[in-house]
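**Student:** no sequence for this one, just the structure:
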């Protein structure tokens, strides 16, 4: 079946390759809706040029595998399409220098977990920055430069421009007026907390911009996990165990499949005469059966978690909507900045302090009221008096729009009514 699928998809190689190369080069900096619109335009261009491509082409299917994505989610990657695509672009661009636009630090947190303890975290303003970057370049150690501003330090310009040269048979690069050996395994990541930074065309050509700004979908998933943690601690522990077990089992199954393919491809004229191959196949079969049993046993718990998530999804969606009210309020005054970590703590506190009636609908309403009250009280402490009414209006309008109690057209009319041409 897999062989037939691969054979059928061979006619789409050129079209899919063009879409993948465009994704890796251009899409990282954009929001999910704009990425979708660009991909749609590119597909129409390919069709007009009579270049075939996979009709249901997605970045996740083209660049990633299920075991890899599961493992990343266990390591803290937000479980939404936008974040998964970002991670795949970073993973697939091994020779590039990703610059993460990460005001909520969700991408940086995942990157630290993914690369591990070998990752060296630096800042441009630390006194030993030059010495540590030289050492990392020479020994091929991955580096993450945090809190990057709107201009990059000229010290890393030779690295970004790849100004390497061969000296005495070794690849070297000039850093701080001194030639340093350049290791091929060296990789550099940069991250900024600016939500909408403007970099020069020169910088954009040297790095790959990756927009890790939290989406409403990703925040809803994060808040739902926190709601499960507060309300059903037993389910939350099982959820984490299932996630880790499923990631490990999916990885094992892939390894088993690769091992079987390796044995079959290296087998002689009669595989039955190869005792080692027979033993390995039997062992692989047992491993596969054990994994299937474990996955079947976890289905009951997964159903419980799924039912809980489905029941309380409106709570997480409403809370994520409120966070973006505060996040977008920086348009009124740049001083208004609210961290995601602060909001998650506030959300958990509101759930704990909320009333807990037995009826589910009443419980959801109680959560809505508690979260909105805590949120408005805490945010209003940070606002100028003249902005408090504006903020409460923004909250009310967004809630009413989400509940479809008012229409966008009605709101547009209130904000800028069309003057009547009729005479009084």
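**Tutor:** Arrived safely. A quick note: this is a predicted structure, and the numbers were derived from the prediction, not measured.
**Student:** residue ranges with poor pLDDT in the stretch 251-400 of the chain?
**Tutor:** 267-275 (pLDDT under 70).
**Student:** hmm, try it at 90
**Tutor:** Within the stretch 251-400 of the chain, the ranges that satisfy pLDDT under 90 run 251-309, 327-328, 330-331, 333-341.
**Student:** strands of that one, start to end?
**Tutor:** For the stretch 251-400 of the chain, strands defined by DSSP state E, counting those that start in this stretch do not occur.
**Student:** which residues in the stretch 101-250 of the chain form strands?
**Tutor:** Assigned by DSSP E, counting those that start in this stretch, the stretch 101-250 of the chain shows strands spanning 120-122, 143-145, 164-167, 170-175, 178-181, 188-192, 208-211.
**Student:** for the fifth one, buried residues please.
**Tutor:** The one in question is strand 178-181. residue 180 (16 or more other Cβ atoms under 10 Å). Where C-beta positions appear, they are placed from N, C-alpha and C, glycine not excepted.
**Student:** most centrally placed residue in this protein?
**Tutor:** Central residue of the chain (Cα atoms, centre = their mean): residue 83, 1.9 Å from the mean position.
**Student:** and the helix or strand containing that residue with strand 188-192, angle?
**Tutor:** Using DSSP states H and E, residue 83 falls within helix 81-92. If you take axes from the mean of the first three to the mean of the last three Cα atoms, to 10 degrees, helix 81-92 sits at 150 degrees to strand 188-192.
**Student:** helices or strands up against helix 81-92?
**Tutor:** Under the contact criterion of 3 or more Cβ pairs under 8 Å, 6 or more residues apart in numbering; DSSP states H and E, helix 81-92 touches helix 13-26, helix 32-48, helix 59-63, helix 66-74, helix 106-115, strand 208-211, helix 216-231.
**Student:** can you redo these as CSV with mean neighbour count?
**Tutor:** Below are those laid out as CSV (neighbours: other Cβ atoms under 10 Å):
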stretch, mean neighbour count
helix 13-26, 16
helix 32-48, 14
helix 59-63, 17
helix 66-74, 18
helix 106-115, 20
strand 208-211, 22
helix 216-231, 20
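**Student:** can you classify residue 99 as helix, strand or coil?
**Tutor:** Taken by DSSP: H, G, I helix; E, B strand; the rest coil, the conformation at residue 99 corresponds to strand.
**Student:** tell me, how many residues neighbour it?
**Tutor:** The tally of other residues near residue 99 (other Cβ atoms under 10 Å) stands at 26.
**Student:** show me what it is bridged to.
**Tutor:** residue 190, residue 209 (DSSP bridges).
**Student:** do you know the pLDDT at it?
**Tutor:** pLDDT recorded at residue 99 is 95.
**Student:** that one and residue 182, how far apart?
**Tutor:** Distance from residue 99 to residue 182, counting by Cβ to Cβ, to the nearest Å: 20 Å.
**Student:** try residue 394
**Tutor:** According to Cβ to Cβ, residue 394 and residue 182 sit 51 Å apart.
**Student:** then residue 209?
**Tutor:** Relative to residue 182, and taking Cβ to Cβ, residue 209 is found at 24 Å.
**Student:** now residue 131
**Tutor:** To residue 182, residue 131 is 16 Å away according to Cβ to Cβ.
**Student:** what about these two, which has more around it?
**Tutor:** For the pair residue 131 and residue 182, the greater number of neighbours falls to residue 182 (20 against 11), based on other Cβ under 10 Å.
**Student:** where along the stretch 251-400 of the chain do the helices fall?
**Tutor:** Secondary structure of the stretch 251-400 of the chain (DSSP state H, counting those that start in this stretch): helices located at 275-297, 299-328, 340-353, 360-380, 385-402.
**Student:** to residue 29, which of those lies closest?
**Tutor:** When those are compared by Cβ to Cβ, helix 299-328 sits nearest residue 29, at 18.5 Å.
**Student:** what's the angle from that closest one to helix 360-380?
**Tutor:** Interaxial angle, helix 299-328 versus helix 360-380 (the same axes, to 10 degrees): 30 degrees.
**Student:** circling back: what would the helices of the stretch 251-400 of the chain look like in JSON lines with distance to residue 147 and mean neighbour count?
**Tutor:** Converted to JSON lines, those look like this (distance: least, Cβ to Cβ, whole Å; neighbours: other Cβ atoms under 10 Å):
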{"stretch": "helix 275-297", "distance to residue 147": "42", "mean neighbour count": "13"}
{"stretch": "helix 299-328", "distance to residue 147": "19", "mean neighbour count": "17"}
{"stretch": "helix 340-353", "distance to residue 147": "16", "mean neighbour count": "17"}
{"stretch": "helix 360-380", "distance to residue 147": "24", "mean neighbour count": "16"}
{"stretch": "helix 385-402", "distance to residue 147": "27", "mean neighbour count": "14"}
